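Colleague: Here is the input, now give the coordinates:
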Amino acid sequence: MLDEPATGLDLAAREQLLSALDSLRAEHPTLASILVTHHLEEIPTSTTHALLIRDGRVQTQGAVDVVLTTDNISECFDHPIEISKQRGRWVATAAHR
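Modeller: This next block holds a predicted model:
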């Protein structure tokens with residue numbers, strides 16, 4: 001279980017951490033891990049499932065591509081956020097209302 005593991009890391013260290021997590025997953029495909037974050041850009045490319053929690057309750061859960069959508073993230077954070085993917089990594093930016 002990793003609780004906000006990139007907190008306090010500079011950009012290079014964060015990228016090294018995410019690469020290491022993806023490598024670990026590739027080497028041990030049956031190994032389960034849980035990563036907690038508020039920052040979608042910190043989600044490893046090897047992530048298969050996601051769970052969104054709001055006000056202490058599960059808002060949505062399932063396959064990562066189904067859960068991490070513009071609508072779901074905007075609802076979870078009660079703010080318009082546009083979600084996209086670049087080279088397998090998630091990107092979140094403010095959406096225009």
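Colleague: can you pull the contacts of residue 51?
Modeller: 58, 60, 61, 67 (CB atoms under 8 Å, 6 or more residues apart in numbering). C-beta coordinates here come from the backbone N, C-alpha and C atoms, glycine included.
Colleague: mind listing what the closest residue to residue 18 other than its chain neighbours touches?
Modeller: Counting by CB to CB, 6 or more residues apart in numbering, residue 18 lies nearest to residue 44, which is 5.1 Å off, once chain neighbours are set aside. Residue 44 makes contact with 18, 21, 22, 25, 35 under the criterion CB under 8 Å, 6+ apart.
Colleague: hang on, the fourth one is in a strand, isn't it?
Modeller: If I follow you right, that is residue 25. No - the assignment for residue 25, made by DSSP: H, G, I helix; E, B strand; the rest coil, is helix rather than a strand.
Colleague: Restricted to buried residues, select the contacts of residue 51 in PyMOL.
Modeller: With 16 or more other CB atoms under 10 Å as the criterion, this PyMOL line picks the buried residues out of the contacts of residue 51:
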select buried, resi 60+67
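Colleague: Can you convert the contacts of residue 51 into CSV and add a column each for distance to residue 5 and secondary structure?
Modeller: Below are those laid out as CSV (distance: CB to CB, whole Å; DSSP: H, G, I helix; E, B strand; the rest coil):
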residue, distance to residue 5, secondary structure
58, 22, strand
60, 23, strand
61, 21, strand
67, 20, helix
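Colleague: would you list the contacts of residue 51 in CSV and tack on distance to residue 9 and pLDDT?
Modeller: Shown next, in CSV, are these (distance: CB to CB, whole Å; pLDDT from 0 to 100):
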residue, distance to residue 9, pLDDT
58, 28, 97
60, 28, 97
61, 27, 98
67, 25, 98
